[in-house]
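**Student:** Could you work out the structure for the sequence below:
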Amino acid sequence: MSQTLDTLRSRFNPDAAQGMHEIFQFHFSDTEDHYVVIDDGALDIQQGEHEDPSVSLSMSSDTLKGIMTGDINGMTAFMTGKLKATGNIMLATRLTELFPEK
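**Tutor:** The predicted structure follows:
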């Protein structure tokens, strides 16, 4: 899991996050939960559960890895139930913009 989180850090696009103040909560079925705080171009990743996330995403760590590598399409994962989202679901669509493949 830490490798996947390192990948998120290395891919972070601060320009895409300018003016954003959002919290992405990741609930994993097979490892610890984490949340990502995006605050006006800055990124912070913490273990645990945030009390008031903007959007919550539930999946396995393998699903997140697949989305990050491009092996799994995020929309397909959502439509097939591998990824569940609650809260501001439209924020989830910005993940590829915030964490593009380099």
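**Student:** in the lowest-mean-pLDDT helix or strand in the chain, what counts as buried?
**Tutor:** Lowest by mean pLDDT, DSSP states H and E among the helices and strands of the chain is helix 2-11, with a mean of 86. Neighbour counts over helix 2-11 (16 or more other CB atoms under 10 Å) mark 4-5, 7-8 as buried. The C-beta positions use only the backbone N, C-alpha and C, and glycine is treated the same way.
**Student:** how distant is it from the center of its chain?
**Tutor:** With CA atoms, centre = their mean, to the nearest Å as the basis, helix 2-11 stands 11 Å off its chain's centre.
**Student:** Which elements pack onto that helix?
**Tutor:** The elements that helix 2-11 packs onto, with contact taken as 3 or more CB pairs under 8 Å, 6 or more residues apart in numbering; DSSP states H and E, are strand 42-47, helix 61-69.
**Student:** The first one pairs with which strands, and in what direction?
**Tutor:** Using DSSP bridges, strand 42-47 pairs in its sheet with strand 34-39 (antiparallel).
**Student:** what angle separates the strand it pairs with from helix 2-11?
**Tutor:** When axes from the mean of the first three to the mean of the last three CA atoms, to 10 degrees is applied, the directions of strand 34-39 and helix 2-11 differ by 10 degrees.
**Student:** hang on, the earlier thing: could I get the helices and strands packed on helix 2-11 as JSON lines with mean pLDDT, distance to Glu101 and mean neighbour count?
**Tutor:** Output for the helices and strands packed on helix 2-11, formatted as JSON lines (pLDDT from 0 to 100; distance: least, CB to CB, whole Å; neighbours: other CB atoms under 10 Å):
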{"stretch": "strand 42-47", "mean pLDDT": "96", "distance to Glu101": "17", "mean neighbour count": "13"}
{"stretch": "helix 61-69", "mean pLDDT": "88", "distance to Glu101": "8", "mean neighbour count": "18"}
